[in-house]
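Can you look at this prediction? I've put the sequence above it.
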Amino acid sequence: MAYGCREDRREKILVYDFGGGTFDVSLIDVEEGVIEVVASDGDTRLGGDDLDRLLQDLLYAHLPAGAAGARSGKDLRLEARLKNAAEAAKIRLSTETRVQVKEAFLTSLKGKPVNLEAQVSRGEFEDRIRAALDRTFDLVKGVLKTAKLKASEVSKLLLVGGSTYIPLIFDTLSGKLGFEVHREVDPTYCVAIGAAIQGAIISGEHLDTILVDVNPHCLGIRCLTIRPGGWENDDHYSVILNRNTPIPSSMTRTYYTAEEGQREAEIEVYQGEELTASKNTFIGSFVLDDLPPDLPLGSEIEVSFEYNLNGIVEVSALERSSGRRKKLEVDVNRGAGTKQEAAARRSRKSGP
C-alpha cells in the first residue's frame, strides 16, 4: 500500500522485511487491486536486534579485560548503554564509513571508572553481520525457487524495516542477486503508512496522491580497479547513491590510493546506470591535491555525496591521515554534452 502497489497492472513483487525481531520475505502477485501471496518464508530468530548485538559484542572487545568480563547479564546499566550505543552506531554506519563511539563511565574496574572510546568501520560491521545477512539472502532464493521464478521476472523488490538501510543489503540484492530494488518510502515507517492507507480505504476516506522525491539515476565516480594478475580498469563506475533513493540523502564510501606517494586524486562524478563510467553522463570533477608526499599505497580516501531537494549534489573527498578535504557542488540537471566533455578530458590525459 505505502509503495503504491494498487495500480491496474499485473506485477510480481518481492517484499524483503527485516524487522527488529524477525525477518520475512514474501512474493506477491498484484493485479487489478488484488494482492495474492504466492510464496513466503522467514526467520523468527533473526532481526535488526541481532545485528545490534553483533555490533555490541564488538564494542565489548574494546573494554579492558577485567571490565569486559563483567558481561554477565547482571550489570543491566552496562548492557543497556552498550545496546543503545551499538544501535546508534549501526544507524550512522548506513551513511558513514566509520563512526566514533564514546561512552563515559560505563562501569568500574578496581575502583576506577571505565570509559569506552572505540572507532568502528563499516567494513568491520559488515564482516560481523555477513553470515546473518547471508541467511536472509538464502531465504530470498528459496522463495524464488518455490515460485519457480528468476530475479529478472520480479517487477520490483521492496525494502521494509530500518535495518534495510545497511548498504550491504542493498548492494547484494541489486548487484549479486539482480533485483530492481525500491525504497522510495522510508523502510522504517512503510508498514505503518500502509496500515494507515488500508484503514482509510476501509473507512471510505478519499486518498490524495503523495509525491515522494527520489534520485532518478545512480550517482557515482570513476575509479581504478585492480585484479590479481595485474589486470586494470581505469573506467570503472562505482555507484555511491543508488537510483530511487529518497532525497534529501547522503552516503559515503571508501576508496584507496593506487600508488606510493600519490599526491593527488581526481574525482570525476557521473550519473547513470552503465558499469563503464564513460558511458554515463559526466556532471563534474575536482582534484584532491597536496596529499602528503610519503602517503602509503592503499591509503583511504572517503568520498561523500549529499543530495538536496534542489537537485544539487555536494561531493566531497577526504584523505583520512592528513585530514585534507575538497568538495564540489554539482547540478544533476545540467543537461547534455557532458559525456563529450569527459571523453575530451581523458583524451588530453592520455595524449603525448
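Sure thing, it's come through. Every value quoted in this text rests on a predicted model; they were computed, and no experiment measured them.

Helices of the stretch 101-250 of the chain, residue ranges please.
122-147, 167-171, 190-202 (DSSP state H, counting those that start in this stretch).

residue contacts, the residue nearest to S299 when sequence neighbours are not counted?
Leaving aside its chain neighbours, S299 sits nearest to T257 (4.6 Å; criterion: CB to CB, 6 or more residues apart in numbering). Every residue, glycine included, has its C-beta placed from N, CA and C. Contact partners of T257, counting by CB atoms under 8 Å, 6 or more residues apart in numbering, are 265, 291, 295-299, 301.

tell me which element R53 is part of?
helix 48-60 (DSSP states H and E).

quick one on the thing from earlier: tabulate the helices of the stretch 101-250 of the chain (CSV), appending mean neighbour count.
Shown next, in CSV, are the helices of the stretch 101-250 of the chain (neighbours: other CB atoms under 10 Å):
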stretch, mean neighbour count
helix 122-147, 16
helix 167-171, 18
helix 190-202, 14
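
quick revisit: with neighbour count as extra columns, can I get the contacts of T257 in CSV?
Listed next are the contacts of T257 as CSV, based on neighbours: other CB under 10 Å:
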residue, neighbour count
A265, 23
L291, 19
L295, 19
P296, 13
L297, 11
G298, 11
S299, 20
I301, 22
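
Tell me the one of those nearest G162?
The closest of the contacts of T257 to G162 turns out to be I301 (CB to CB; 29.1 Å).

ok, that closest one to P64 distance?
Distance, I301 to P64, using CB to CB, to the nearest Å: 33 Å.

Could you find the closest non-adjacent residue to E87?
The shortest distance from E87 to any non-neighbouring residue, by CB to CB, 6+ apart, is to D52 (4.9 Å).

What score does the one you found have for pLDDT?
pLDDT recorded at D52 is 95.

Give the residue spans of the stretch 101-250 of the chain that score low on pLDDT.
Scanning the stretch 101-250 of the chain for pLDDT under 70 picks out the ranges 191-194, 197-198, 200-201, 206-212, 230.

Tell me where it has strands.
Here the stretch 101-250 of the chain has its strands, by DSSP state E, counting those that start in this stretch, at 112-121, 156-160, 181-182, 219-227, 231-241, 249-256.

Of those strands, which is nearest C190?
So among these, strand 156-160 is nearest, using CB to CB, at 5.7 Å.

so what does the closest one touch, helix or strand wise?
Strand 156-160 sits against strand 11-18, strand 181-182, helix 190-202, with contacts defined as 3 or more CB pairs under 8 Å, 6 or more residues apart in numbering; DSSP states H and E.

let's see 7 Å
strand 11-18, strand 181-182 (3 or more CB pairs under 7 Å, 6 or more residues apart in numbering; DSSP states H and E).

Select, out of those, the one closest to I221.
Of all the helices and strands packed on strand 156-160, strand 181-182 comes closest under CB to CB, at 20.7 Å.
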